[in-house]
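Engineer: Okay, sequence plus prediction incoming.
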Amino acid sequence: MVGIKKRLFSGRAPSKSRDPWWDNIRYISGTLVVVGHTIEPLRNFDGPLWLYLATWALRLPVFVMVCGYFSTAGPLTAREIRRIVESIALPYLFFTAFQTVQIKWLTGEWKVALALPKWTLWFLFSLIIWRVLLPYIAALRFPLTLSIIASLAIGYFDEFGSAYSASRTVAFLPFFILGWKIKQGLFSQLLSTRWTRYAGAGLITGSAAIAWLVRDEVGLGWLSMSAPYGTQADAFGTLWAWTFRAGLLMWGFTLALCLINLVPRRNIPFVTYLGAGGMYIFLLHPLVLRPLREYGIFERVDSKHEQVFTVMAAILLAALLASPPVRRLARPVVQPNIPWLFSKKIRQDSQRKPVVEAVRIGAQRGPKDSDDNSSSETGRTASAR
């Protein structure tokens, strides 16, 4: 028992290729995603509704930015193509199959939804597109500005809805591009000064207070950005329907940066290690929550004590899903390694370069251009070690 506790809570020596700061961010944002999905059925209560609104900008926007931070805008090499297939495309297919079987078990109906990704699966679908398009978007003069314009404009096109995650792919693209720009040095001074951390804490607190005041006025469906402007047009008029999404993007940018700046950059026992398994948290928790919803467990939650217990259970669930036993068990589907799927040439070209050669090339390119994909969005290199 002492050995298990020591290994979990004292933290393993972090891999030199990983950045503990971003692993800490992964764990916090991933845990908040689980909390958000857990309390979503409880939105008829003021407390859970407020918490859902107050943490929105700290959940998915941050997770998308982490993926953008560890993405490369270089050419789609054999190594990069294999990484996209193994770390994103294959998990999407695996978990779509798991979802289909689970829904059959719960409802008795076969519902295959490859074109309508549910829950967290839309994120994987969008991530494939973001990763493939990033080299082309990065070639533009103002990639972040153009992505914001696209996000606001897409809401006016009825053709872009939930199918193939079309609306969300464009709507959340600015967060992905912002994460990539941070890796290029954007806001580097802002994220390195102490006063901005105090300001960030104040902004998050103020945002939480505002969320309490407007909790009954904001449509939760607006936060998902998964459909064209509908009720927004009814509320603000067709011409100004984009204004809510513009405010949502700015809110997400601001609070996401505040959280990133507040998270400690050092190795934190328990948190940093579990953060390397952020994608395990993200992909596995719907398989746990869906049966609870179908069996009406959340409908039994009533008192404030039960609401608090539900939140604490969600936090515990996130830690459990990122724990070593679960990661070892789920590694073949979350981080599959299937070399036989690729041609011999792809396998050879995608082999990791020797350390000395990689260091030499990194020194020639400089810190901004070096390929630091060892800490990719799935934590592929070290998350399951």
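Structural biologist: Happy to help now that I have it.
Engineer: what's the span of stretch 50-69 from first residue to last?
Structural biologist: From its first residue to its last, stretch 50-69 covers 29 Å (Cα to Cα, to the nearest Å).
Engineer: Please apply the same query to stretch 259-275.
Structural biologist: Termini of stretch 259-275 sit 15 Å apart (Cα to Cα).
Engineer: Surely residue 314 is in contact with residue 33?
Structural biologist: No. The pair residue 314 / residue 33 is not scored as a contact, 9.6 Å apart, by Cβ atoms under 8 Å. Using the backbone N, CA and C atoms, a C-beta is placed for each residue, glycine as well.
Engineer: Looking at these two, which one has more neighbours?
Structural biologist: Counted by other Cβ atoms under 10 Å, residue 314 and residue 33 do not tie: residue 33 has more neighbours, with 24 against 21.
Engineer: okay but that one is in contact with residue 62, surely?
Structural biologist: No. Applying Cβ under 8 Å, one finds residue 33 not in contact with residue 62, separated by 9.2 Å.
Engineer: so where's the stretch 151-300 of the chain shaky on pLDDT?
Structural biologist: Applying pLDDT under 70 to the stretch 151-300 of the chain flags no residue at all.
Engineer: Next one: residue 107, what pLDDT does it get?
Structural biologist: Per-residue confidence (pLDDT) for residue 107: 89.
Engineer: Residue 294 versus that one, what's the distance?
Structural biologist: Distance, residue 107 to residue 294, using Cβ to Cβ, to the nearest Å: 7 Å.
Engineer: So between the two, which is more surrounded?
Structural biologist: Taking other Cβ under 10 Å, residue 107 and residue 294 do not tie; residue 294 has more neighbours (13 against 10).
Engineer: Between the two ends of stretch 290-308, how far is it?
Structural biologist: Termini of stretch 290-308 sit 20 Å apart (Cα to Cα).
Engineer: Give the buried residues for it.
Structural biologist: Buried positions in stretch 290-308, judged by neighbour count with 16 or more other Cβ atoms under 10 Å: 290, 293, 298, 301, 307.
Engineer: likewise stretch 250-261?
Structural biologist: The neighbour-count check on stretch 250-261 (16+ other Cβ under 10 Å) flags 251, 252, 253, 254, 255, 256, 257, 258, 259, 260, 261 as buried.
Engineer: Same question for stretch 35-55.
Structural biologist: Buried-residue list, stretch 35-55, by 16+ other Cβ under 10 Å: 35-39, 41-42, 45, 48-55.
Engineer: now for the residues you listed, which pair is the farthest apart?
Structural biologist: The largest separation in the buried residues of stretch 35-55, counting by Cβ to Cβ, is between 41 and 54 at 17.5 Å.
Engineer: where's the closest residue to residue 341 other than its chain neighbours relative to residue 114, distance?
Structural biologist: Once flanking residues are discounted, residue 341 sits nearest to residue 85: 7.4 Å by Cβ to Cβ, 6 or more residues apart in numbering. Taking Cβ to Cβ as the measure, residue 85 falls 16 Å from residue 114.
Engineer: And residue 234, by the same measure?
Structural biologist: Counting by Cβ to Cβ, the gap from residue 234 to residue 114 is 32 Å.
Engineer: Compare neighbour counts for the two and give me the winner.
Structural biologist: Remark: of residue 234 and residue 114, residue 114 carries more neighbours, 13 against 10, as counted by other Cβ under 10 Å.
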